[in-house]
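Trainee: okay, predicted coordinates and the sequence, questions at the end:
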Amino acid sequence: MSGNEAAGLASEDRPTLARLVREYLLDGHLIDRAGMPHLIGAFGRDVMRDIAIDEWMGASPVYSKRMQRVLGFEGDSVETIFKNLQFDIGSPPQFMDFRFELTDRDHGRFWLDHCGALMDVEPMGPDYVQAMCHDIEDPTFDATATASNPRAQMRPVHRPPRVPADRQPHCEWTVIIDQSHPAVPVPRQAVAIGATRAATIELDPIDPDDPGIHDYPGPLLSDQVFEDWSASALRRIAEEVCLQGHLLSLSFLAATRERVDTDEQARDITRRQFTGVAGVASARLRAALDLGSGLDDAAVVLARSPGLLPTAYTGVRVETGDRLLVHVDRSAPATADGSWPTLLDADHLEPLDAIVGAVDRHLHCTVVSEDAAELVVEVVRGDDERPVPDDVRLTEFSTAAQFEFSDRGTPVVLTRKG
């Protein structure tokens, strides 16, 4: 059999890469929407809340510092914190519509003209809104800020539950840095996640000579127009955002492990999380890239699936030719971490089935071989359509599943008022 590796991000042009970056940021938001229903079902709302707090406190300080270094905007000001939010899977553009105002170096405010997370949770009732907008956000906002300044405090002006019920904006917060504030230590969860291979892996650097924006040391912009960035920068941003997803899922897995009886319970919940987000993300990718329903289209989606990227971390390779094969290298850094690809084995192909099933419900995966070195899976077409997996159905509850991005036009430079 002759085969070739499916073209990945390196083959895409700037407009397509810009589209993928937005999709990957939104996909990162879906990680919680895919995982939390299983926690609620198994343990109830309070344990779900506690795991979410540990999850975000573990991952967000780590991936925030990575992105700041990659894009050259490290600092200790409010402006740095706001830039950071523009590249964070916890605040995907437009879906979590952050608007910013800078007062001076140490003071600013932001508000959400639209909060997709609130739209997801509000129908569940005020107790769930309280858990998300108060119990989870209070410690995790300040934990994220530690990547910029441990003396930064994010405090609400108002936030949900909304009174009146249609209150706009959905919430408003001040951000103040003051030397009199007690320094927030790096969370213990972030110390553990910071020791993973996902946190420390070196990816290909951005080419500063590639046409377009390649870093962000200048003034804060109201929005990011990713089409203005270079192809080299967009590929690296895309890979960093996918790593954010792995870091968040690793933190989710670690927090879940602390609250279950067996490791397999934690892995099963995290695998179902992977399945849910993989299926919804793949359906969105198919639509965003205007693909059809053939094996070639499935290969394109597999090679761009955020849970299988970056390949330098996951060790996942998609082979095309006479057959469509997925190779999972067991010596990859993801294996040492126990990240999503390690949840795939001969008995558990659900995440891969969710990916190819989003392209065509007739497609599914079968094992070709499995040993300590590699898992090899073939994508095949069956005679009958397969139903949408329950884990994907649960994730489709999020309004992000059908969210549409819009053209915001030219961004505004946000300058300090003082």
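Mentor: Looks like it arrived, so ask away. Numbers count the residues shown, from 1 in each chain.
Trainee: which residues touch stretch 207-222?
Mentor: With CB atoms under 8 Å, 6 or more residues apart in numbering as the test, stretch 207-222 has contacts from 14, 71-73, 79, 82-83, 86, 99-100, 102, 206, 228-233, 411-415. All C-beta spots, glycine's among them, are computed from the backbone N, C-alpha and C.
Trainee: that stretch: how far from the chain's middle?
Mentor: Centre-to-centre, stretch 207-222 and its host chain are 22 Å apart (CA atoms, centre = their mean, to the nearest Å).
Trainee: how many residues are close by Ala372?
Mentor: Neighbourhood size, Ala372 [other CB atoms under 10 Å]: 7.
Trainee: looking at it, it is touching Arg330, isn't it?
Mentor: Yes: contact criterion CB atoms under 8 Å: Ala372 and Arg330 qualify, at 6.1 Å.
Trainee: skip the chain neighbours and tell me the closest residue to Trp56.
Mentor: Thr140 (4.1 Å; CB to CB, 6 or more residues apart in numbering).
Trainee: which residues sit in contact with the one you found?
Mentor: Ile53, Trp56, Met57, Ser60.
Trainee: what about Thr103, neighbour count?
Mentor: Using other CB under 10 Å, Thr103 has 15 other residues around it.
Trainee: cool, and Arg99?
Mentor: Under the criterion other CB under 10 Å, the count of neighbours that Arg99 has is 15.
Trainee: show the contacting residues for Ile89.
Mentor: Contacts of Ile89 were listed using CB under 8 Å, 6+ apart, and they are Tyr24, Leu25, Asp27, Gly28, His29, Ile31, Tyr63, Val241, Gln244, Gly245, Leu248.
Trainee: who wins on neighbours among these?
Mentor: If you count neighbours using other CB under 10 Å, the busiest of the contacts of Ile89 is Tyr63, which has 31 neighbours.
Trainee: for it, give me phi and psi.
Mentor: Tyr63 adopts backbone torsions of phi -70, psi -30, taken as degrees, to the nearest 10.
Trainee: what's near enough to touch it?
Mentor: Applying CB under 8 Å, 6+ apart to Tyr63 gives the contacts Asp88, Ile89, Ala199, Glu240, Leu243, Gln244, Leu247, Leu248.
Trainee: so which of these belong to strands?
Mentor: Within these, no residue falls in strands by DSSP state E.
Trainee: and this protein, what are its domains?
Mentor: 3-7+278-402, 12-243+406-414 (automatic domain parsing).
Trainee: what's the closest of the ones you listed to Gln265?
Mentor: Proximity to Gln265 (CB to CB) singles out domain 12-243+406-414 among the domains of the chain, at 8.2 Å.
Trainee: which element is the residue nearest to Trp56 on?
Mentor: helix 137-145 (DSSP states H and E).
Trainee: just give the closest residue to Leu26, not the sequence neighbours.
Mentor: Distance criterion CB to CB, 6+ apart; nearest residue to Leu26, sequence neighbours excluded, is Pro92 at 4.4 Å.
Trainee: the stretch 151-300 of the chain: helices as residue ranges?
Mentor: Applying DSSP state H, counting those that start in this stretch to the stretch 151-300 of the chain gives helices spanning 188-193, 197-200, 231-257, 263-288, 295-304.
Trainee: which of those helices is buried the deepest?
Mentor: Ranked by mean neighbour count, these are led by helix 231-257 with a mean of 25 (mean count of other CB atoms under 10 Å).
Trainee: and it, what does it pack onto?
Mentor: Where contact means 3 or more CB pairs under 8 Å, 6 or more residues apart in numbering; DSSP states H and E, helix 231-257 is packed against helix 14-43, helix 45-71, helix 188-193, helix 197-200, helix 263-288, helix 311-314, helix 333-337.
Trainee: want to throw those helices into TSV with distance to Thr320?
Mentor: Shown next, in TSV, are the helices and strands packed on helix 231-257 (distance: least, CB to CB, whole Å):
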stretch	distance to Thr320
helix 14-43	19
helix 45-71	30
helix 188-193	35
helix 197-200	27
helix 263-288	17
helix 311-314	15
helix 333-337	22
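Trainee: okay if I get the ones you listed as a markdown table plus mean pLDDT and distance to Thr256?
Mentor: Shown next, in a markdown table, are the helices and strands packed on helix 231-257 (pLDDT from 0 to 100; distance: least, CB to CB, whole Å):
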| stretch | mean pLDDT | distance to Thr256 |
| --- | --- | --- |
| helix 14-43 | 96 | 7 |
| helix 45-71 | 97 | 6 |
| helix 188-193 | 97 | 12 |
| helix 197-200 | 98 | 17 |
| helix 263-288 | 98 | 4 |
| helix 311-314 | 98 | 21 |
| helix 333-337 | 98 | 15 |
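Trainee: out of the ones you listed, the one nearest Val301 is which?
Mentor: Closest to Val301 of those is helix 263-288 (CB to CB; 5.1 Å).
Trainee: and that closest one with helix 45-71, angle?
Mentor: With axes from the mean of the first three to the mean of the last three CA atoms, to 10 degrees as the basis, helix 263-288 and helix 45-71 are set at 60 degrees to each other.
Trainee: which residues of the chain score low on pLDDT?
Mentor: 1-2, 418 (pLDDT under 70).
Trainee: repeat that for 80
Mentor: By pLDDT under 80, the low-scoring segments of the chain are 1-3, 418.
Trainee: now Pro205, nearest residue through space, not along the chain?
Mentor: Of all residues not flanking Pro205 in the chain, Arg236 sits nearest, at 7.4 Å (CB to CB, 6+ apart).
Trainee: residues contacting that neighbour?
Mentor: Arg236 touches Val70, Leu203, Asp204, Pro205, Ile206, counting by CB under 8 Å, 6+ apart.
Trainee: what two of these are the furthest from one another?
Mentor: Val70 and Asp204 (10.8 Å).
Trainee: okay, these two: which has more neighbours?
Mentor: Between Val70 and Asp204, counting by other CB under 10 Å, Val70 is the more crowded of the two (20 against 12).
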